[in-house]
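A.B. asks: Here is a sequence with its predicted model. Questions after.
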Amino acid sequence: MKKIFVMISLIFWLSSCNLKNEDNNLLTTYSISSQVIESPEYINENIYSGNELDIIRLINQRMKYTFEENESEYMKLFHATSPINGLPKYKLKTVKLLDEINIQEQKYSFVALVKAEDIVISGEAFNYNYVFIKAKNSNDEWKIGDID
């Protein structure tokens, strides 16, 4: 009888140790998950003005909407002739400009080229050329024409 009592006690004790270990694993998993979910690191808008500020705001909004997976707002950032047709599969952590914003005047519009490095949440980095378009009409706003 004593052996049975010891065996049952041992089983309960081992079961409780296993439950504590599972709780610790859950806490560890939660901590790792909470570290993965970060907000984007936006470009500082305070150092830009005029057309350059408008372009930086578009880039920051792009980061925000990819992070939030808000496709309807994301698509509003693009020019009607843009080949972009939906959200990318990744979430942007930050965008770093690799060169100055180059704005050129065309016959009916302004076109800006921005060389940038997109860094996604996983840490991978990709170099892109952002193309922005703004018609010469005074009421028109900058839109993203393409991202290559």
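C.D. replies: It's in.
A.B. asks: For the protein, which element, helix or strand, carries the lowest mean pLDDT?
C.D. replies: In the chain, no helix or strand scores lower on mean pLDDT, DSSP states H and E than helix 2-36, which sits at a mean of 45.
A.B. asks: So which bits of the helix or strand following that one are buried?
C.D. replies: The helix or strand immediately downstream of helix 2-36 is helix 50-68, counting by DSSP states H and E. Buried residues in helix 50-68, counted by 16 or more other CB atoms under 10 Å: 52, 54-67. Just so you know, the C-beta spots here come from the backbone N, C-alpha and C atoms, and that holds for glycine as well.
A.B. asks: Can you name the residues that contact the residue most central in space within the chain?
C.D. replies: Note on the chain: the residue nearest the mean C-alpha position is Leu92, at 2.3 Å, using CA atoms, centre = their mean. Each residue near Leu92 by CB atoms under 8 Å, 6 or more residues apart in numbering is listed here: Pro40, Arg62, Met63, Thr66, Phe67, Asp118, Ile119, Val120, Ile121.
A.B. asks: how much space is there between the fifth one and Leu87?
C.D. replies: In this structure, Phe67 lies at 10 Å from Leu87, with CB to CB, to the nearest Å as the measure.
A.B. asks: Likewise for the first one?
C.D. replies: Pro40 sits 14 Å away from Leu87, taking CB to CB as the criterion.
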